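# show me how the following folds:
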Amino acid sequence: MHDTHRTLSGLILQDARALPAFSGRHGHIELHFDNPMPRARRGLRLQCPGAGALRFELPAGGVATVQLPYAAGRRGLQTIDCIELS
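Down below sits the predicted model:
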């Protein structure tokens with residue numbers, strides 16, 4: 001539990017946006033993270049229900065942009081219930 005808290009503590013989500021997608025395919029959510037801490041964040045994992053997990057790392061004092069897949073089941077606006085970061 002302490003390792004998880006330390007890994008996520010101070011991590012900043014700067015921006016999130018959904019990229020255009022076709023119905024019935026996987027779309028992508030672009031997430032911009034900032035790590036202002038002097039230690040690297042290793043083994044971060046993002047997951048959206050109905051899609052695979054994505055693993056990434058953030059260097060010490062660095063930023064990263066990741067694209068998380070999600071299931072675009074129909075046309076129009078999509079509702080994404082949750083995004084899990086661990």
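
# C-terminal to the least confident helix or strand in the chain by mean pLDDT, what's the next element?
Sorting the helices and strands of the chain by mean pLDDT, DSSP states H and E puts helix 2-8 at the bottom, at a mean of 64. The element immediately downstream of helix 2-8 (helix or strand, assigned by DSSP states H and E) is strand 12-18.

# tell me how far that next one lies from the chain's centre.
Counting by Cα atoms, centre = their mean, to the nearest Å, strand 12-18 is centred 8 Å from the centre of its parent chain.

# so for that strand, mean pLDDT?
Averaging pLDDT along strand 12-18 gives 92.

# who's in contact with that strand?
27-36, 63, 70, 78, 80 (Cβ atoms under 8 Å, 6 or more residues apart in numbering). In short, each C-beta sits where N, CA and C put it, glycine included.

# residues touching the nearest residue to Tyr70 once chain neighbours are set aside, list them.
Closest residue to Tyr70 apart from its sequence neighbours, by Cβ to Cβ, 6 or more residues apart in numbering: Cys48 at 4.4 Å. For Cys48, the contact set (Cβ under 8 Å, 6+ apart) comprises 29, 68-71, 80, 82-84.

# of the residues you listed, buried ones?
Among these, those scoring as buried are 29, 68-71, 80 (criterion: 16 or more other Cβ atoms under 10 Å).

# rebuild the contacts of Cys48 as a markdown table, extending it with secondary structure, pLDDT and distance to Arg41.
Rendered in a markdown table, the data for the contacts of Cys48 read as follows (DSSP: H, G, I helix; E, B strand; the rest coil; pLDDT from 0 to 100; distance: Cβ to Cβ, whole Å):
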| residue | secondary structure | pLDDT | distance to Arg41 |
| --- | --- | --- | --- |
| Ile29 | strand | 90 | 19 |
| Leu68 | strand | 91 | 16 |
| Pro69 | strand | 87 | 21 |
| Tyr70 | strand | 83 | 22 |
| Ala71 | strand | 80 | 27 |
| Ile80 | coil | 78 | 23 |
| Cys82 | coil | 85 | 21 |
| Ile83 | coil | 88 | 17 |
| Glu84 | strand | 89 | 16 |
